[in-house]
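>>> give the three-dimensional model of this entry:
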Amino acid sequence: MKVAATRRNVLVLVLVLSASCVVVGLGALAVGGVHLTLEEVWAALRGTGSNAEASAIVRDIRLPRVVLAALVGAALAVAGTVLQALLRNPLADPYVLGISSGAALGDIVALWVGGRIAAAAPGFAFAGALLTMTWVYALGRRGGRLKSFTLLLAGVVTASFLSALILFVLTLLSTRDVRGVAFWLMGDLSAATGAELRLLAPAVVLAIAALYWFAKDLNVMLLGDDEAAHLGVNVARVETAVFVLSSLLTAMAVSVSGAIGYLGLLVPHVGRMLVGSDHRTLLPTAALGGAMILVLSDTLARTVVAPSELPVGAVTALAGAPVFIYLLRRTAG
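So this is what the prediction gives:
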């Protein structure tokens with residue numbers, strides 16, 4: 001009965017949050033440099049609108065960006081949630097492991113090489129993130145086990161080293177390229193394409209589904225490695241799988257969006273306040289909550305100073321830092 005109740009709770013939660021995401025997404029499609037009514041947005045989505053300009057704005061410009069924001073937000077939030085559980089550290093975050101720095105370095109190297117290769121910058125960013133993930137994982141694994149402190153320390157040191165390399169490569173780029181890279185480093189969702197979404201969407205969904213498979217194991221591992229092993233959890237297998245999957249989620253997100261902070265750190269805390277620490281409900285909450293928050297943040301980023309736009313990472317940092325401080329004080333109290 002308890003399992004059935006849990007499944008029912010998860011289903012209700014997913015339906016409510018999914019409906020909220022749809023409402024937020026429709027609002028994001030309507031708001032921008034050219035404001036549209038919800039009727040115009042709906043007609044454009046159905047392909048029945050008579051306003052060709054509105055249809056082009058919704059289907060070709062705003063819809064890919066909203067979908068990209070939702071996928072990246074879900075990926076970063078879920079990655080942060082499982083890393084905090086895996087490392088039993090409330091301040092664990094995908095960026096602490098240096099993966100975003102690896103992706104940024106790959107993107108910058110693509111611009112430095114120049115020519116046609118520069119058009120493949122997202123691929124270079126993804127490769128850089130994966131190489132960084134492999135390096136940090138190798139440093140953090142000792143005696144067949146993943147060591148939390150060693151892993152975090154390896155990530156911090158690797159991120160610092162890669163940041164130094166980024167600064168060096170930036171000095172070799174033209175002024176125009178440096179400006180574009182600087183904007184991308186702070187988070188940029190403006191270059192969403194259909195090809196990227198067709199690759200990113202199934203990869204993100206499958207990775208999140210695979211992590212959900214380990215939800216019960218993550219609940220047990222919150223008690224500690226020894227207790228989890230005593231209760232029948234294959235700790236080494238779960239650690240390896242969760243770290244690889246969460247790192248892949250981060251790599252995919254950063255390679256197409258740049259560095260967007262606070263989602264992987266803040267969303268898990270908010271989720272625990274709402275639904276508790278059971279990862280069977282926390283993971284879908286984090287995924288849908290992260291998607292909704294990043295869509296809202298990106299909508300603000302492209303409308304507050306329109307026709308110009310802000311880096312979405314700056315918006316999440318400005319909004320996330322005060323909220324995180326409030327949550328820390330409330331928890332401490």
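>>> quick one: the helices in the stretch 151-300 of the chain, in order.
In the stretch 151-300 of the chain, the helices defined using DSSP state H, counting those that start in this stretch lie at 175-185, 194-213, 215-221, 225-230, 235-257, 263-275, 279-303.
>>> mean pLDDT, mean neighbour count and distance to Tyr137 for those helices - can I get that in a markdown table?
For the C-beta atoms, the positions are set from N, CA and C on the backbone; glycine is no exception. Below are the helices of the stretch 151-300 of the chain laid out as a markdown table (pLDDT from 0 to 100; neighbours: other CB atoms under 10 Å; distance: least, CB to CB, whole Å):
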| stretch | mean pLDDT | mean neighbour count | distance to Tyr137 |
| --- | --- | --- | --- |
| helix 175-185 | 75 | 15 | 24 |
| helix 194-213 | 90 | 16 | 16 |
| helix 215-221 | 92 | 19 | 17 |
| helix 225-230 | 85 | 14 | 17 |
| helix 235-257 | 86 | 23 | 6 |
| helix 263-275 | 87 | 22 | 17 |
| helix 279-303 | 93 | 25 | 21 |
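>>> take the ones you listed and lay them out in TSV including distance to Pro94.
Shown next, in TSV, are these (distance: least, CB to CB, whole Å):
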stretch	distance to Pro94
helix 175-185	15
helix 194-213	13
helix 215-221	16
helix 225-230	22
helix 235-257	4
helix 263-275	5
helix 279-303	12
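>>> looking at these, which is nearest to Ala70?
helix 279-303 (3.9 Å; CB to CB).
>>> and the closest one with helix 263-275, angle?
130 degrees (axes from the mean of the first three to the mean of the last three CA atoms, to 10 degrees).
>>> and helix 279-303, what other elements does it pack with?
Counting by 3 or more CB pairs under 8 Å, 6 or more residues apart in numbering; DSSP states H and E, the packing neighbours recorded for helix 279-303 are helix 2-30, helix 63-87, helix 194-213, helix 215-221, helix 263-275, helix 312-332.
>>> got CSV for these, with distance to Glu40 too?
What follows is the helices and strands packed on helix 279-303, written out as CSV (distance: least, CB to CB, whole Å):
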stretch, distance to Glu40
helix 2-30, 8
helix 63-87, 13
helix 194-213, 22
helix 215-221, 41
helix 263-275, 30
helix 312-332, 25
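>>> Asn89: what's it in contact with?
148, 152 (CB atoms under 8 Å, 6 or more residues apart in numbering).
>>> would you say it is within a helix?
No - applying DSSP: H, G, I helix; E, B strand; the rest coil, one finds Asn89 to be coil, outside a helix.
>>> which residues touch the residue of the chain most remote from its centre?
Within the chain, the residue lying farthest from the chain centre (CA atoms, centre = their mean) is Ser50, at 36.4 Å. When contacts are counted by CB under 8 Å, 6+ apart, Ser50 touches Ala43.
>>> isn't there a strand covering it?
No - secondary structure of Ser50 (three-state DSSP): coil, not part of a strand.
>>> now it: how far from Thr316?
37 Å (CB to CB, to the nearest Å).
>>> Trp184 now?
Distance from Trp184 to Thr316, by CB to CB: 15 Å.
>>> same check, this time on Pro268
14 Å.
>>> next one: Thr193
For Thr193 relative to Thr316 (CB to CB), the value is 22 Å.
>>> between these two, who's got more neighbours?
Remark: of Thr193 and Thr316, Thr316 carries more neighbours, 26 against 12, as counted by other CB atoms under 10 Å.
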